[in-house]
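A.B. asks: 3D model of this:
(one chain, ligands or ions: 1)
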Amino acid sequence: MSMPRQLKSNIYSVGAIDWDRRLFDELIPLPDGTSYNAYLVKGREKTALIDTVDSTMTDVLIENLNQLKIKNIDYVIANHAEQDHSGSLPQILDIYPNAKVVATPKCKDMLMDLLLIPESKFITVDDGNSISLGDKTLEFIHAPWVHWPETMFTYLKEDKILFTCDFLGSHLATSDLFVTDEPVVYEAAKRYYAEIMMPFRTTIKKHLERIKELEIETIAPSHGPIYDKPEFILNAYRDWVSDEVKNEVIIPYISMHGSTKEMVDYLVNALIKRGITVKQFNLSKTDIGKLAIALVDASTIVIGTPTVLTGPHPNVAYAAYLANALRPKLKFASIIGSYGWGGRMVEQLMTMVPNLKVDILEPVVVKGFPKEEDFKALDNLAEKILNKHQEHNIGKKRQKIWQR
Ligand code: FEO
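C.D. replies: Below is the predicted model of the structure:
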């Protein structure tokens, strides 16, 4: 579908909606598709294109520009070098030979490497630099590590629009140009944050402080709908990056013959009885994005695994690797599971999660099917988790309700 849409006078959305994409980076599930947003800003003297689209949808971008009868582009602003936003750059530069690519110095180097764009095509900008389009001014704000080292935001001063590329975006294919269904966008934006931005939580806090200086009426990301009420997404991010955790335990697990499942079910009930919210994920079936979302707020993770050869089940190792890479703000962790004749499952799992700054609560590992003393140990683990959450004032109100 090609159809440029106007955000404001002389500012158009010219990107593409990818309704059918179901996987990003051959890793991240996209249950709701995505979009690659690009924006055209026509000033009195100059014209700028902000970001491009994934190379698979270059034809949509070009058709949108044709429909707007754009004969000349002076600047292509590259907020981020990743190919879902830069993939169409070579073709755009062929069609609009006068265009210069405006990027941070790091972004320039990356685009030269990734897309073989010649150095002569670039104008590099420092933090705080701006470019005038005549009656419109684009100001560039270096914002490294959301989620690559070269990223920046572009602020259109006169119209008070902040173009953030990946930051604050959502993988959501929708015909809505602006956010209309907040709960749907909240879930998609939280998934996006969890999978892509969460490892950079500390840096994001600084960026959120920095953009407080700007008067922002609109946030235009390069994935998902545009925010005409910026506080909706800014408040959500403030919550996600805060140090607060919820009275929640997440239990990703695998069970091959039912022993670990029996332990998981028992522990889940023991935690529910204690007023703790539990999210259980069978890793052979779950959408890994749902697990990532749960990692945003949870205070405790309990990993459930059988022993395969001498270590954890490979699906559990994969989930542990992801959780470690995403650096969630978890405070406590434990492991439960079973074995047939021995192994080093607990020790191996521990070495896989060095980034998790957690207190380890005594694991419960049983030989074969769990017996009476094992269920007692699971009760003890649930009690320990409750005590730890209480000591840290996590979910105090909910626990009081349970104790009544
Ligand atoms: Fe949407 Fe980092 O690319």
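
A.B. asks: for the ligand, what is the nearest residue in the stretch 201-350 of the chain?
C.D. replies: residue 223 (5.7 Å; C-beta to the nearest ligand atom). Quick note: C-beta positions are derived from backbone N, CA and C, even for glycine.

A.B. asks: pretty sure that residue contacts residue 170?
C.D. replies: Yes: taking contacts as C-beta atoms under 8 Å, residue 223 lies within contact range of residue 170: 5.9 Å.

A.B. asks: which of these two has more neighbours?
C.D. replies: Counted by other C-beta atoms under 10 Å, residue 223 and residue 170 do not tie: residue 223 has more neighbours, with 28 against 25.

A.B. asks: on that earlier part again, residues in contact with the residue of the stretch 201-350 of the chain closest to the ligand?
C.D. replies: For residue 223, the contacting residues are 34-37, 166, 169-172, 192, by C-beta atoms under 8 Å, 6 or more residues apart in numbering.

A.B. asks: that one and residue 192, how far apart?
C.D. replies: 7 Å (C-beta to C-beta, to the nearest Å).

A.B. asks: please give me every residue in contact with residue 7.
C.D. replies: For residue 7, the contacting residues are 13, 39, 161, 177, 218, 220, 226, by C-beta under 8 Å, 6+ apart.

A.B. asks: so of those residues, which two are at opposite extremes in space?
C.D. replies: Within the contacts of residue 7, 161 and 177 form the most distant pair, 13.1 Å apart (C-beta to C-beta).

A.B. asks: what residues are up against residue 311?
C.D. replies: Applying C-beta under 8 Å, 6+ apart, the residues near residue 311 are 317, 343-345, 348-349.

A.B. asks: which one (most neighbours) among these?
C.D. replies: Most neighbours among the contacts of residue 311, by other C-beta under 10 Å: residue 345, with 26 neighbours.

A.B. asks: just for the chain, where's the confidence low?
C.D. replies: Judged by pLDDT under 70, the chain has its weakly predicted residues at 1, 395-404.

A.B. asks: could you chop this structure up by domain?
C.D. replies: 5-241, 250-391 (automatic domain parsing).

A.B. asks: now the last one, how far from the centre of its chain.
C.D. replies: Its chain's average C-alpha position is 23 Å from that of domain 250-391, according to C-alpha atoms, centre = their mean, to the nearest Å.

A.B. asks: same deal with stretch 235-249?
C.D. replies: With C-alpha atoms, centre = their mean, you get 14 Å for stretch 235-249.

A.B. asks: same deal with stretch 132-142?
C.D. replies: From the chain centre to the centre of stretch 132-142 is a distance of 28 Å (C-alpha atoms, centre = their mean).

A.B. asks: with stretch 31-49 instead?
C.D. replies: For stretch 31-49, the distance to the chain centre is 21 Å (C-alpha atoms, centre = their mean).

A.B. asks: ok, stretch 213-233 next?
C.D. replies: Distance, stretch centre to chain centre, for stretch 213-233: 16 Å (C-alpha atoms, centre = their mean).

A.B. asks: quick check: buried residues in it?
C.D. replies: Using 16 or more other C-beta atoms under 10 Å as the test for burial, stretch 213-233 gives 216, 218-228, 230, 232-233.

A.B. asks: circling back: any chance of a markdown table for the contacts of residue 311, columns secondary structure and distance to residue 242?
C.D. replies: Output for those, formatted as a markdown table (DSSP: H, G, I helix; E, B strand; the rest coil; distance: C-beta to C-beta, whole Å):
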| residue | secondary structure | distance to residue 242 |
| --- | --- | --- |
| 317 | helix | 30 |
| 343 | coil | 39 |
| 344 | coil | 37 |
| 345 | helix | 34 |
| 348 | helix | 33 |
| 349 | helix | 28 |
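
A.B. asks: the contacts of residue 223 in strands, which ones?
C.D. replies: 34-36 (DSSP state E).

A.B. asks: which ones are touching residue 327?
C.D. replies: 198-199, 201, 355-356.

A.B. asks: filter those residues to the buried ones?
C.D. replies: 198-199, 201, 356.

A.B. asks: what's the neighbour count on the residue nearest to residue 217 when sequence neighbours are not counted?
C.D. replies: Excluding the flanking residues, the one nearest residue 217 by C-beta to C-beta, 6 or more residues apart in numbering is residue 160, at 4.0 Å. The tally of other residues near residue 160 (other C-beta under 10 Å) stands at 14.

A.B. asks: and residue 160, what does it touch?
C.D. replies: Residue 160 makes contact with 214-218 under the criterion C-beta under 8 Å, 6+ apart.

A.B. asks: so where does the nearest residue in space to residue 257 that is not next to it in sequence fall, helix or strand?
C.D. replies: The spatially closest residue to residue 257, leaving aside those adjacent along the chain, is residue 306, at 7.4 Å (C-beta to C-beta, 6+ apart). Assigned by DSSP states H and E, residue 306 belongs to strand 298-308.

A.B. asks: next structured bit after that strand?
C.D. replies: strand 311-312.

A.B. asks: partners of that next one in the sheet?
C.D. replies: Looking at strand 311-312 with DSSP bridges, its partner strands are strand 298-308 (antiparallel).

A.B. asks: got the residue ranges for the helices in the protein?
C.D. replies: Assigned by DSSP state H, the helices in the chain fall at 58-67, 83-86, 89-95, 105-115, 182-192, 201-211, 230-241, 259-273, 288-295, 314-326, 345-351, 372-391, 396-403.

A.B. asks: closest one to residue 79 out of the ones in strands among the contacts of residue 223, please.
C.D. replies: For the ones in strands among the contacts of residue 223, the nearest to residue 79 is residue 36 (12.4 Å; C-beta to C-beta).
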